[in-house]
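Chemist: Got a sequence here, can you model it:
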Amino acid sequence: MDPISLALLAALAGGAGGEAGKQCWNGLTALVRRPFRHAAADTVSSGEAELVALEQDPQNAELAGRLNTVLAVRAVLEPEFGPELEQWHGRARAALGGDTIHNEISGGTFNSVLTIQGKITGGTHTHYHGTPPQG
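Modeler: Model (predicted):
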């Protein structure tokens, strides 16, 4: 299975992707909350605690990493979980267009009603308020 991007987990936990992203996050939540049927279930996390923690703090890369690790371990230990996680992963990547985006605006005072952020496909878009940095 391809590793799950920490940025993807954080983006979905933070509500990225609109309704499709929300459905993906709900799908992961349902998958993780299924009974963990393995002899190690008493000593290995099912992922639920990590899922809840990331949902409460989606910008925390360490929490995303913990969830990613737990999901990978569970995929190895629980034969039916791995393929279902992989299917979920494919749907989640598709829901976010295969990648994630991070927008940051700085260098001025902004009115939240008039500031619009979005994804630019096929390259990088840099927007400056004031004088662009010299470089």
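
Chemist: Could you look up the SS state of residue 58?
Modeler: coil (DSSP: H, G, I helix; E, B strand; the rest coil).

Chemist: list the contacts for it?
Modeler: 10, 11, 13, 14, 15, 64 (Cβ atoms under 8 Å, 6 or more residues apart in numbering). Using the backbone N, CA and C atoms, a C-beta is placed for each residue, glycine as well.

Chemist: Next step: these restricted to helices.
Modeler: Among the contacts of residue 58, the members found in helices (DSSP state H) are 10, 11, 13, 64.

Chemist: Determine which two of these are furthest apart.
Modeler: 11 and 64 (9.4 Å; Cβ to Cβ).

Chemist: Quick one: buried ones out of the contacts of residue 58?
Modeler: Among the contacts of residue 58, those classed as buried by neighbour count (16 or more other Cβ atoms under 10 Å) are 10, 11, 13, 14, 64.

Chemist: okay if I get these as TSV plus pLDDT and distance to residue 53?
Modeler: Converted to TSV, the buried ones among the contacts of residue 58 look like this (pLDDT from 0 to 100; distance: Cβ to Cβ, whole Å):
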residue	pLDDT	distance to residue 53
10	90	12
11	89	16
13	90	9
14	90	13
64	93	10
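
Chemist: Including distance to residue 37, could those go into CSV?
Modeler: Output for these, formatted as CSV (distance: Cβ to Cβ, whole Å):
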residue, distance to residue 37
10, 28
11, 30
13, 25
14, 31
64, 26
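
Chemist: from the residues you listed, which is closest to residue 92?
Modeler: Distances from residue 92 to the buried ones among the contacts of residue 58, taken as Cβ to Cβ, are shortest for residue 11 (9.1 Å).

Chemist: Quick check: that closest one touching residue 95?
Modeler: No - if you go by Cβ atoms under 8 Å, residue 11 and residue 95 don't touch, sitting 9.8 Å apart.

Chemist: Quick check: neighbours shared by those two?
Modeler: Common neighbours of residue 11 and residue 95, using Cβ under 8 Å, 6+ apart, are 17, 21.
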